[in-house]
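[1] 3D model of this:
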Amino acid sequence: MSEFRHIDPQSAAGLLDNGAALVDIRDPDSFARGHITSAVHLDNASLADFVAQADKQTPLIVCCYHGNSSQPAAAYLASLGFAEVYSLDGGFELWRQYHPQRLSALD
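    Model prediction:
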């Protein structure tokens, strides 16, 4: 797969339950205030290490604030050889409406 796909919060939860990885590309302060359980913060400083260490066959979900910034990030990760990449529709804000029990470090 050379392109990413979109995924809704309900389907993403199922994919995570089956071993998918999740990266959150929001700013560090927003991530620290609250993020999806199991999410790894990913930014320009950590990108190279993440790519070098990741299993590119594991499904990967990319999360941002509202599902917009995650799309080019997901496309970029797919171009790096990740086999199955998704952009989380609605981002963190929509996820928290559907899955408030699956959040960490909320104020």
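
[2] who touches Val85 in this structure?
    Applying CB atoms under 8 Å, 6 or more residues apart in numbering to Val85 gives the contacts 1, 4-5, 59-62, 74-75, 77-78. Every residue, glycine included, has its C-beta placed from N, CA and C.

[3] how close does the residue lying closest to Ala78 once chain neighbours are set aside get to Gln97?
    Spatial nearest neighbour of Ala78, excluding adjacent residues (CB to CB, 6 or more residues apart in numbering): Val85 at 4.3 Å. For Val85, the distance to Gln97 equals 23 Å [CB to CB, to the nearest Å].

[4] tell me the centre residue of the chain?
    Centroid check for the chain by CA atoms, centre = their mean gives Val62 as the closest residue, at 2.5 Å.

[5] For that residue, which three-state class applies?
    When classified by DSSP: H, G, I helix; E, B strand; the rest coil, Val62 comes out as strand.

[6] swap in Lys56?
    Lys56 - assigned by three-state DSSP - is coil.

[7] So that it lines up with my notes, have the first residue be 398 from now on.
    Yep, numbering from 398; the last one is Lys453 now.

[8] Can you spell out which residues form a bridge with His432?
    Beta-bridge pairing of His432 under DSSP bridges involves Ser501.

[9] just to revisit the earlier point, need the pLDDT of the residue nearest to Ala475.
    Note on Val482: pLDDT of 98.

[10] From Asp405, how far out is it?
    Distance from Val482 to Asp405, by CB to CB: 15 Å.

[11] hang on, the earlier thing: quick one, phi psi at the residue nearest to Ala475?
    Main-chain torsions, Val482, degrees, to the nearest 10: phi -120, psi 140.

[12] I'd assumed Ala470 was in a strand, is it?
    No - Ala470 is assigned helix when assessed by three-state DSSP, not a strand.

[13] As a check, name the ranges of all strands in the protein.
    Under the criterion DSSP state E, strands of the chain are mapped to 402-404, 418-421, 432-433, 437-438, 457-460, 482-485, 500-501.

[14] Give me the residues contacting the fourth one.
    Looking back up the chat, that one is strand 437-438. 418-423, 425, 428, 432, 447.

[15] likewise the last one?
    Surrounding strand 500-501, the residues in contact under the criterion CB under 8 Å, 6+ apart are 431-434, 436, 492-493.
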